[in-house]
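Colleague: Sequence below, structure please.
(chains A and B)
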Amino acid sequence: MDLFLNTDAATMSPMALFMQADWVVKAVMLGLLLASIWTWAIIVSLLGRIGKVRKAADKFETDYRRTADIDAFYRGHGDEDHPIARVFAAGVTEWRRSTGGRTVDREGTRERLATTMGAAVALEIDRLSDRLNMLATVGSVAPFVGLFGTVWGIMRSFTAIASEQNTSLAVVAPGIAEALFATAIGLFAAIPAVIAYNRFSHGINKVEARLNRFADGFHATLSRQLDDGPVAPAQQQRGTLL
Amino acid sequence: MAVAIDRREGTALGVAVVGHIVLFGLLSVGFLATPNPLKLEPTPIEISLTDEASLQSEAPQIQKEAPAEKLAEEPGPVEPETPPPAPQPDPQPVARPEPTPPQPVAQPEPRPQPKPVPKAQPQPKPPAPKAQSKAQPQPKAAPAQPKAQPKTASQSKSPAPSTNRVARPTGRLTGIVDGLTDQPSKGKATTPPATAIGAQVKSALAAEVIRQLRPHWKAPTGADVELLRTQVEIRLNKDGTLAAPPRVIGQTGVTDSNRPQADLHKERAISAAKLAAPFKLPAEYYEAWKLITPTFDRRL
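Modeller: Residues are numbered from 1 along each chain as shown, chains lettered A, B, ... in the order given. From the prediction side, this is the model:
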């Protein structure tokens, strides 16, 4: 195949279409191109992050089920840098705070544990879905922006017809092609954004459900521990835990 | 949305940028350009527009019955009492009224007719070319040859040979058995090239001749020179070349004031005719343009 730089108007070359466009259409195209780049950057990074979160959660849960000594487990895994470990760490931190005093309010401790771990889960999900709104915005707005560029370009083409008083297709075809290219870029940016948004929403929902399940399970464990034995000497008893 | 980009997002951004550059670069260098291997070059097609159909059929007449027997030609001097069957005046509007001298390419027989037919049409003549060539040696001796047929295209040929046969008292027997074969002869039909050449074709031909003459025609300048009209007779071969030097057959509009230019006008008309040759005219209508008489005036 011979490679050459297509710059004549009769080809599908994006470069040629961009170069002969009006400045408004050029701005639209540039913006949409940047949106597309940003979209794909988000897609690539989110793919990696969600995959990593899942893998880490798998490993963490497996280890958590195996361990009998939560205290030792916390010392080993408590400072790991992934959502499920942070939720676990938040729960343990709250347990230590609530049961550190002389008297322990069992109901209050349970509530505080639930609230703290729920907040931790919400924080992690917020961090994960930070970029999702960008995907949603690009997916819904990019077609309109591209359409704006197209409408502008076609208006310009028709103005050219009126000024040249020449209705031959060769006069208007390049302008219309260049205008339609704006819509093409808009769709080019929007379609992956919409797909990725739906896909990552689903993925993040699953991660959230998983974090909530883990938090509930951990809360149940801590709550059971809270019920066992008198709270006051729990300090010594729970030496294993804390 | 925080625009803080951590390391992982930076990597992803780089991947996205590189991917876009590669994609658009490929599109720009004709990666998806559809090749046009056929190179469909539109070849120009010559078209001609026909305005109307002529009222007269111009198609060659196809003869259904057996072709005419070639009867023996009458070689000897024919007695004068045989009248020409129909010495009708030529109804053709383009027939030139001026009595031109015998045409070298035309048949010899129409000369004694009251009105010569310049556009000699060979089709009603029963004799085949062979007979015609044989008849050539005695053109003068047959002043009223009965062969001169009426020109109506619809007329069948059977009456003509019969009159010929009656008027054959010569002693020569050549060809006398030609018509007596017991079976009709095959082939050699004297199918005319066209039953008639329509007025549309004639006017189109005249316009075409004028068009080809015009680039070579330059009228002289002078007082009253626009009144001059010179008619030139041009005889053409079938390939469009001049069969004879063109000559002036008439000039009108000569006044005292433009008399000095009259001869120049003739000269230039003749030279225009010479320069315009060879004419490019449709060969199938050769009968219509083998003799053309354009009239040169100031604008042609």
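
Colleague: Select the longest helix from the chain.
Modeller: If you meant another chain, say so; for now it's chain A. For chain A, the longest helix by residue count, based on DSSP state H, is helix A:169-227.

Colleague: Switch to chain B, please.
Modeller: helix B:7-28.

Colleague: Okay, buried residues for that helix please.
Modeller: B:9, B:12-13, B:15-16, B:20, B:24, B:27-28 (16 or more other C-beta atoms under 10 Å in any protein chain shown). (Each C-beta comes from the backbone N, C-alpha and C, glycine too.)

Colleague: And the residue sitting furthest away from the middle of chain A, how far from A:Val138?
Modeller: For chain A, the largest distance from the centre (C-alpha atoms, centre = their mean) belongs to A:Gln165, which lies 52.2 Å off. As judged by C-beta to C-beta, to the nearest Å, A:Gln165 and A:Val138 stand 41 Å apart.

Colleague: before we move on, what about A:His82?
Modeller: 28 Å.

Colleague: and if you look at A:Thr39?
Modeller: From A:Thr39 to A:Val138 the distance is 5 Å (C-beta to C-beta).

Colleague: same question, B:Thr293
Modeller: Where A:Val138 is concerned, B:Thr293 sits at a distance of 84 Å (C-beta to C-beta).

Colleague: Then A:Leu226?
Modeller: 48 Å.

Colleague: of those two, who's got more company?
Modeller: A:Val138 (25 against 21; other C-beta atoms under 10 Å in any protein chain shown).

Colleague: in what helix or strand does that one lie?
Modeller: Per DSSP states H and E, A:Val138 falls inside helix A:132-164.

Colleague: Just name the shakiest helix or strand of chain B by mean pLDDT.
Modeller: helix B:129-135 (a mean of 45; mean pLDDT, DSSP states H and E).

Colleague: Let me fix that, I meant to ask about chain A.
Modeller: For chain A, counting by mean pLDDT, DSSP H and E, that's helix A:234-237 with a mean of 42.

Colleague: Tell me how many other residues surround A:Glu61.
Modeller: A:Glu61 has 16 nearby residues by other C-beta under 10 Å.

Colleague: mind checking how far the closest residue in space to it that isn't next to it in sequence is from chain B?
Modeller: Nearest non-adjacent residue to A:Glu61, counting by C-beta to C-beta, 6 or more residues apart in numbering or on different chains: A:Phe214, 6.6 Å away. Separation of A:Phe214 from chain B (C-beta to the nearest C-beta, to the nearest Å) stands at 23 Å.

Colleague: Below-threshold pLDDT in chain A: ranges please.
Modeller: When residues are selected by pLDDT under 70, those of chain A lie in A:1-12, A:229-242.

Colleague: before we move on, back to that, who are the packing partners of the longest helix of chain B?
Modeller: Applying 3 or more C-beta pairs under 8 Å, 6 or more residues apart in numbering or on different chains; DSSP states H and E, one finds that helix B:7-28 contacts helix A:14-19, helix A:23-66.

Colleague: what is the mean pLDDT for that helix?
Modeller: Mean per-residue pLDDT for helix B:7-28: 87.

Colleague: Next, the angle from that helix to helix A:23-66.
Modeller: On the basis of axes from the mean of the first three to the mean of the last three C-alpha atoms, to 10 degrees, helix B:7-28 is oriented at 140 degrees to helix A:23-66.

Colleague: Dump helix B:7-28 to PDB, keeping only the CA atoms.
Modeller: Included here for helix B:7-28 are C-alpha records, laid out as PDB according to Å, rounded to 0.1, in the frame of the first residue of the first chain:
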ATOM      1  CA  ARG B   7      -0.100   8.600  37.600                       C
ATOM      2  CA  ARG B   8      -2.500   5.900  36.300                       C
ATOM      3  CA  GLU B   9      -4.700   8.500  34.600                       C
ATOM      4  CA  GLY B  10      -1.600  10.200  33.100                       C
ATOM      5  CA  THR B  11      -0.700   6.900  31.500                       C
ATOM      6  CA  ALA B  12      -4.200   6.400  30.300                       C
ATOM      7  CA  LEU B  13      -4.200   9.900  28.800                       C
ATOM      8  CA  GLY B  14      -1.000   9.200  27.000                       C
ATOM      9  CA  VAL B  15      -2.500   6.000  25.600                       C
ATOM     10  CA  ALA B  16      -5.600   7.800  24.400                       C
ATOM     11  CA  VAL B  17      -3.600  10.600  22.800                       C
ATOM     12  CA  VAL B  18      -1.300   8.100  21.000                       C
ATOM     13  CA  GLY B  19      -4.300   6.100  19.900                       C
ATOM     14  CA  HIS B  20      -6.100   9.100  18.400                       C
ATOM     15  CA  ILE B  21      -3.000  10.300  16.700                       C
ATOM     16  CA  VAL B  22      -2.400   6.900  15.100                       C
ATOM     17  CA  LEU B  23      -6.000   6.600  14.000                       C
ATOM     18  CA  PHE B  24      -6.200  10.000  12.500                       C
ATOM     19  CA  GLY B  25      -2.800   9.700  10.900                       C
ATOM     20  CA  LEU B  26      -3.900   6.400   9.300                       C
ATOM     21  CA  LEU B  27      -7.000   8.100   8.000                       C
ATOM     22  CA  SER B  28      -5.000  11.000   6.700                       C
END
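
Colleague: pretty sure A:Ala114 is touching A:His219, no?
Modeller: Yes: A:Ala114 lies in contact with A:His219 (C-beta atoms under 8 Å); the separation is 5.6 Å.

Colleague: contacting residues around A:Val194?
Modeller: Contact analysis of A:Val194 by C-beta atoms under 8 Å, 6 or more residues apart in numbering or on different chains lists A:135, A:139-140.

Colleague: typo on my end, B:Leu228
Modeller: B:219, B:251-254, B:258, B:261-262, B:265, B:297-298.

Colleague: For it, give its distance to chain A.
Modeller: Counting by C-beta to the nearest C-beta - B:Leu228 and chain A are separated by 46 Å.

Colleague: And the pLDDT for that residue?
Modeller: Reported pLDDT for B:Leu228: 86.

Colleague: Backbone dihedrals for it, please?
Modeller: Phi and psi for B:Leu228, reported as degrees, to the nearest 10, are phi -70, psi 140.

Colleague: same check, this time on B:Ser271
Modeller: Torsion angles, degrees, to the nearest 10, at B:Ser271: phi -70, psi -30.

Colleague: So the residue lying closest to it once chain neighbours are set aside versus B:Leu205, what's the distance?
Modeller: Setting aside the residues directly before and after it, B:Ser271 is nearest to B:His216 in space (C-beta to C-beta, 6+ apart), at 7.5 Å. Counting by C-beta to C-beta, the gap from B:His216 to B:Leu205 is 18 Å.

Colleague: same check, this time on A:Thr137
Modeller: Taking C-beta to C-beta, one finds A:Thr137 at 77 Å from B:Leu205.

Colleague: Compare neighbour counts for the two and give me the winner.
Modeller: Taking neighbours as other C-beta under 10 Å, A:Thr137 and B:Leu205 compare with B:Leu205 leading, 18 against 15.
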